[in-house]
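Asks: Below are the sequence and a predicted model for it; my questions follow.
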Amino acid sequence: MPYLSPSARPRRALLWASVLPVASLLLGSCSALPDPLTPAQRLPALSGAAAVRDRAARTEDATASRAARLRADVDESACIGCAAALDAVASGSQERVEALGGMWDPWPQGPPDGVEPPAPSADAPMGVGAFVSWLVDSAERDLDRAADPAVLEGDQARVLALVALSRYESALVLADAYGLPLGSGEDDVRAAVARQAAVALADPAVDTWGLEALASGGGALLPAVDYEQDASTPSSEHLSAAIGVWDCVAQSLPRAEVVDEEVAGAVTTADLLLRRVDDALSSGAADTRVLRCSPPAATAAGLAAALIDADLSLLDSDSRAVRLTGVHAALDDVRRWRGSVDLGAALAPVGAAQSGS
């Protein structure tokens, strides 16, 4: 059976601007202001998809700034590879800001008299360990938003998820370069979030990272999948299609390791994929596996890209449980594949049809 893409859409996501035009957002926001403008007029608060997009763009802006500052202080004789890692993080975050359409600013040439401009991005944590943990936390925050069908439509969710996954990979790159565990700076992040929350209570205009759950000791930023809480899961065509792809890649992995010598640890990876399939089938989704399938790609990088594409196809679903399945699967695939293949193309949030065609 030939491999079929989980949907007829292009494999890579479109620019966020093509699904949430920045121009219309700005016009809509400006039209909300009274006329004539009154002194000390505040900007209207963003909400919904617009707020999610702007927070992600601000996070990337803060990431680029912090990475550049850390890069300036690197002692390359003491930390081989750290400068290159920080350069990669800085350039990657700048690309992601552009993919998101930039930070919201209705008056690029300066606001009218008496009108307050949007607050600048809050600085990312200063220490490398805290910075790495913050990148992970903010990625999970955005993946949780992408997994909520009440907040983002499928195309918007896919772009946000790709941005978040790429940011998560940046955290892995830095952690490897500095020899740090991903969670080594979590306590520092929690303390910084608590300070931010206290300041924001006194001045709501202060920009925050949207990680308040960390300070309050709440649950995970990215909750686990709970199929029992979502009655629409068993009928999900998106989940059924992804099951077929996951199983087919699992079937293809032994050959990729033994014959093509493209993949290391193929048996372990295949077992994990088959366990993912079993978990999805337990929800009641239709079984689309076939005894023998045609591999979705001929290379290890292609197989990884096919998996991530199948994972994120679940963001087209109206089921939160199905969407959560997709973002958790994508995180697992990024962690497992990044050491053996270049995931740059698979995680690029800019689509093949940048013009939206």
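Replies: Yep, that arrived.
Asks: and Arg335, what is it in contact with?
Replies: Leu172 (Cβ atoms under 8 Å, 6 or more residues apart in numbering). Bear in mind the C-beta positions are built from the backbone N, C-alpha and C, glycine included.
Asks: Can you report phi and psi for it?
Replies: Here is the backbone geometry of Arg335 (degrees, to the nearest 10): phi -60, psi -40.
Asks: quick one: it from Leu172, how far?
Replies: Counting by Cβ to Cβ, to the nearest Å, the separation of Arg335 from Leu172 is 7 Å.
Asks: Then Ala300?
Replies: From Ala300 across to Leu172, the span is 18 Å (Cβ to Cβ).
Asks: So which of these two has more stuff around it?
Replies: The neighbour comparison of Ala300 against Leu172 (other Cβ atoms under 10 Å) goes to Ala300, with 22 against 18.
Asks: pretty sure that one is touching Ala264, no?
Replies: No - in this structure, Ala300 is not within contact of Ala264 by Cβ atoms under 8 Å, at 9.0 Å.
Asks: Which SSE is immediately downstream of whichever strand or helix holds Ala192?
Replies: For Ala192, the element it lies in under DSSP states H and E is helix 186-202. As assigned by DSSP H and E, the chain's next helix or strand after helix 186-202 is helix 212-215.
Asks: can you pull the buried residues of that following helix?
Replies: Using 16 or more other Cβ atoms under 10 Å as the test for burial, helix 212-215 gives Leu214, Ala215.
Asks: so what secondary structure elements neighbour the next helix or strand after that helix?
Replies: Counting by DSSP H and E, the element after helix 212-215 in chain order, helix or strand, is helix 237-258. Applying 3 or more Cβ pairs under 8 Å, 6 or more residues apart in numbering; DSSP states H and E, we find helix 237-258 packed against helix 266-281, helix 300-313, helix 320-337.
Asks: Reformat the ones you listed as a markdown table; add mean pLDDT and distance to Ala119.
Replies: Shown next, in a markdown table, are these (pLDDT from 0 to 100; distance: least, Cβ to Cβ, whole Å):
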| stretch | mean pLDDT | distance to Ala119 |
| --- | --- | --- |
| helix 266-281 | 94 | 41 |
| helix 300-313 | 95 | 31 |
| helix 320-337 | 96 | 29 |
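Asks: ok so, going back, in the helix holding Ala192, which residues are buried?
Replies: Using 16+ other Cβ under 10 Å as the test for burial, helix 186-202 gives Glu186, Asp188, Val189, Arg190, Ala192, Val193, Gln196, Ala197.
Asks: and if you look at stretch 147-161?
Replies: By 16+ other Cβ under 10 Å, the buried positions in stretch 147-161 come out as Ala147, Pro149, Val151, Leu152, Gly154, Asp155, Gln156, Ala157, Arg158, Val159, Leu160, Ala161.
Asks: do stretch 287-295 as well
Replies: Using 16+ other Cβ under 10 Å as the test for burial, stretch 287-295 gives Thr288, Arg289, Cys293, Pro295.
Asks: Over that stretch, what's the mean pLDDT, rounded is fine.
Replies: On average, the pLDDT along stretch 287-295 is 92.
Asks: So what's the gap between that stretch and the chain middle?
Replies: Centroid separation for stretch 287-295 versus its chain: 29 Å, with Cα atoms, centre = their mean, to the nearest Å.
Asks: Using PDB, list the CA coordinates for that stretch.
Replies: The C-alpha coordinates for stretch 287-295 follow below in PDB (Å, rounded to 0.1, in the frame of the first residue of the first chain):
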ATOM      1  CA  ASP A 287      -7.100   0.400  12.800                       C
ATOM      2  CA  THR A 288      -5.500   1.500   9.500                       C
ATOM      3  CA  ARG A 289      -2.400  -0.700   9.700                       C
ATOM      4  CA  VAL A 290      -1.500  -3.000   6.800                       C
ATOM      5  CA  LEU A 291       0.700  -6.100   6.800                       C
ATOM      6  CA  ARG A 292       3.100  -4.700   4.300                       C
ATOM      7  CA  CYS A 293       3.400  -1.000   3.600                       C
ATOM      8  CA  SER A 294       5.500   1.200   1.300                       C
ATOM      9  CA  PRO A 295       7.900   3.300   3.300                       C
END
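Asks: Let me know the closest of the buried residues of helix 186-202 to Pro112.
Replies: Gln196 (28.9 Å; Cβ to Cβ).
Asks: okay but the closest one is in contact with Asp123, surely?
Replies: No - Gln196 lies out of contact with Asp123 (Cβ under 8 Å); the separation is 10.2 Å.
Asks: Glu76 and Ser65: what is the separation?
Replies: From Glu76 to Ser65 the distance is 21 Å (Cβ to Cβ).
Asks: higher neighbour count, the two?
Replies: Neighbour count, other Cβ under 10 Å: between Glu76 and Ser65, Ser65 has more, with 17 against 10.
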